[in-house]
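**Q** predicted model and sequence below, questions to follow.
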Amino acid sequence: MKQAAFPKLLSSQIAFDIARTILDGFDKHYRLFRQASQAARRNFENADWSVAQQAARERIDFYDKRVQECVQVLEDEYAQAELTDSVWRETKLHYIGMLSGHKQPELAETFFNSVCCNILHRTYFHNDFIFVRPVISTEYIETEELLPTYRVYYPATDGLRFSLKRIITNFQLKCPFANLDRDVAQLEQFLLQKLGDVAIEPNYQVQVLSNLFFRNKGAYVVGKIINGNSEFPFVVPILHNRNRELVLDAVLLDHAQITILFSFTRAYFMVDMEVPSAYVQFLRTLLPRKPRSEIYTILGLQKQGKTLFYRDYLQHLKHTSDRFEIAPGIRGLVMLVFALPSFPYVFKVIKDFFPPPKETTRAQIKEKYLLVKHHDRVGRMADTLEYSNVAFPVERFSEELIAELMQHAPSLVEFEGDRIIIRHLYIERRMVPLNIFLTGAEAAGNDTLVEHGIIEYGNAIRELVAANIFPGDMLYKNFGVTRQGRVVFYDYDEIEYITDCNFRDIPQPRNEEDEMSAEPWYSVGKHDVFPEQFGTFLLGNARIRKYFMKHHAELLTRDFWQSRKERIIAGIVEDVFPYPQDIRFRNQATATAPAPTPSPQLENLNHE
């Protein structure tokens with residue numbers, strides 16, 4: 001091999017110091033991240049739900065704060081003239097050396113990229129300066145703590161019931177169970193039903209992640225049973241009952257139920273991980289179709305999720321040839337939405353101007369999306385990935401799409417050689433718009449699907465309300481249907497907190513002139529909402545009206561909305577279960593809110 005193939009001796013003290021500063025910044029970030037995850041356990045044990053919600057929101061901002069702190073240190077410490085190309089190249093090499101033996105190398109590489117991209121121009125976003133591809137392997141990283149990534153139990157030796165009880169007690173939660181023996185017996189019964197008559201093989205075992213997953217008012221045991229060549233994933237929710245005692249509430253065994261629990265429509269879990277890549281690898285055995293990017297995101301490592309998503313997207317572009325085009329559906333007044341047919345996501349760009357009746361600004365819309373990012377999405381709001389300065393190959397854009405971008409968002413578009421740069425956009429999972437779903441179901445004469453869509457729509461509204469979210473624009477086109485047949489809200493430019501809304505009944509007309517008036521004869525404040533008006537734009541179709549009134553008529557009443565608002569103001573955090581009510585061991589475990597109407601069971605509902 002030629003001598004030139006080897007890097008020259010690293011000699012820049014500045015490069016070494018910059019690398020050390022960046023890694024110190026990441027280590028501080030991850031230390032605080034773990035502390036927040038550890039605090040989630042205490043909040044659960046103490047049933048401090050409001051504290052838990054606030055902590056979850058604050059943790060989302062940890063990453064950006066630490067990046068900005070690091071950038072500020074570097075900008076204060078070094079003159080721009082000192083940060084030459086050779087210094088940046090050497091900085092990366094020093095950083096790679098420092099990651100030897102690190103427990104979170106993939107996260108540290110992404111942190112390095114974030115700091116560099118805040119300092120460098122985008123023309124430097126290539127492999128010489130940043131980690132376009134990962135360099136440090138995350139395979140077989142050993143934990144240094146006493147607690148391994150997962151524990152293994154052997155029911156063939158100890159008995160399944162004894163093993164299950166050990167699994168729960170090993171978490172050492174500092175609050176009593178109401179009746180752990182009863183709950184474990186029910187758990188055993190359900191698991192045996194799942195295992196059926198499969199012969200117990202010599203390697204029959206149960207593997208369980210060593211730390212609980214916390215979110216909202218629940219803690220979740222995540223594991224799998226290995227029986228010969230078969231693996232059975234399971235998740236056990238632990239909740240507080242009315243007496244603030246713990247109960248095992250259910251066991252999730254169905255793949256679809258576990259997928260929904262770990263979906264892109266729920267806020268991030270709080271889980272303490274020394275080696276996050278090991279947790280990701282374990283979860284991938286439970287959810288083999290879910291990309292690693294989404295698994296990192298659901299673990300609260302959303303920046304790593306963004307990094308992996310973008311790498312997946314670039315790989316997809318290299319191996320496909322279809323073109324980006326305007327997304328199907330009714331075109332919005334605020335967002336221009338386009339998609340690549342072969343890619344299961346949509347790209348959303350805020351328009352430069354908005355026709356009446358929209359009264360908003362780009363800054364206000366970004367604030368709404370940020371609100372959703374920080375909020376508990378309770379399984380009914382899509383997560384969004386926000387990107388800046390995204391480069392697309394011009395030849396992959398249809399002429400119609402380029403024309404639409406130049407007409408509606410020219411301030412966000414820049415052409416650079418054979419690339420088109422979009423300065424700011426959101427990326428969301430693609431779904432079938434609910435209006436298209438309902439139209440197709442009705443055209444096919446499938447009343448089961450129509451009813452399912454309306455039941456799910458109403459359930460989505462109810463659960464958003466429980467999370468203190470008023471959708472604003474409740475038209476069906478602003479909701480989508482996922483692969484699991486769930487209805488999810490995805491248009492955020494008009495959302496408000498329920499507690500900021502003033503729910504009113506329409507006053508009775510004072511005279512015939514009032515009754516015949518085309519305009520309201522009564523005053524309407526900025527935050528006034530009249531629920532009885534919803535039917536005017538939602539229930540024009542007789543079939544849809546029939547099912548809506550059958551399952552969700554109370555959504556058209558002020559009393560429903562006002563009562564929920566009063567509960568939120570009183571500090572009541574509602575139960576929103578990420579699994580069906582009918583699989584719960586008992587319905588009296590929490591029951592602080594009425595359960596929504598269950599959806600009919602549908603087979604093979606997949607619309608993507």
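**A** In hand now; what should we look at?
**Q** for the spatially most central residue of the chain, give its distance to F353.
**A** What sits nearest the mean C-alpha location of the chain, by CA atoms, centre = their mean, is F264, with 3.7 Å. Shown here: F264 relative to F353, a distance of 30 Å by CB to CB, to the nearest Å. Every residue, glycine included, has its C-beta placed from N, CA and C.
**Q** next one: R567
**A** From R567 over to F353 the distance is 40 Å, taken as CB to CB.
**Q** okay, now the unreliable bits of the stretch 451-600 of the chain?
**A** Along the stretch 451-600 of the chain, the parts satisfying pLDDT under 70 run over 514, 518, 587-600.
**Q** try it again at 50.
**A** The model of the stretch 451-600 of the chain has pLDDT under 50 over residues 587-600.
**Q** where do the helices sit along the stretch 201-350 of the chain?
**A** Using DSSP state H, counting those that start in this stretch, the helices of the stretch 201-350 of the chain run over residues 255-261, 276-286, 292-298, 302-318.
**Q** the stretch 401-550 of the chain now?
**A** So, for the stretch 401-550 of the chain - with DSSP H, counting those that start in this stretch - the helices run 434-443, 447-466, 512-516, 534-538, 542-552.
**Q** what's the most buried one of those helices?
**A** Ranked by average neighbour count under the criterion mean count of other CB atoms under 10 Å, these are headed by helix 447-466 at a mean of 22.
**Q** give me the distance from it to the chain's centre.
**A** 20 Å (CA atoms, centre = their mean, to the nearest Å).
**Q** check stretch 350-365 too.
**A** Between the mean C-alpha point of stretch 350-365 and the mean C-alpha point of its chain there is a distance of 25 Å (CA atoms, centre = their mean).
**Q** what mean pLDDT does it have?
**A** Along stretch 350-365, the predicted local confidence has a mean pLDDT of 90.
**Q** what's next to that stretch, contact-wise?
**A** 333-336, 366, 408-412, 424, 492-494 (CB atoms under 8 Å, 6 or more residues apart in numbering).
**Q** G97: which of the residues you listed is nearest?
**A** Using CB to CB, the shortest approach to G97 within these belongs to H424, at 35.5 Å.
**Q** burial measure for the closest one, as a count.
**A** Around H424 sit 16 other residues, with neighbours defined as other CB atoms under 10 Å.
**Q** please apply the same query to K103.
**A** Each residue near K103 was counted by other CB under 10 Å, and the total is 20.
**Q** quick check: it touching I141?
**A** Yes - contact status for K103 versus I141: in contact at 6.1 Å, counting by CB atoms under 8 Å.
**Q** common neighbours of the two, please.
**A** When CB under 8 Å, 6+ apart defines a contact, the residues bordering K103 and I141 alike are V275.
**Q** now the chain, which segments are flagged as low pLDDT?
**A** For the chain, applying pLDDT under 50 flags the ranges 1-7, 587-608.
**Q** if we go to 80?
**A** Within the chain, the segments meeting pLDDT under 80 span 1-11, 121-128, 145-146, 194-203, 509-522, 586-608.
**Q** let's have the contacts of stretch 350-365 in TSV, adding distance to F503.
**A** Below are those laid out as TSV (distance: CB to CB, whole Å):
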residue	distance to F503
L333	25
V334	25
M335	27
L336	33
K366	27
H408	34
A409	35
P410	40
S411	38
L412	37
H424	35
Y492	21
D493	21
E494	16
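**Q** so which of the residues you listed is surrounded by the most neighbours?
**A** The member of the contacts of stretch 350-365 surrounded by the most neighbours (other CB under 10 Å) is Y492, with 26 neighbours in all.
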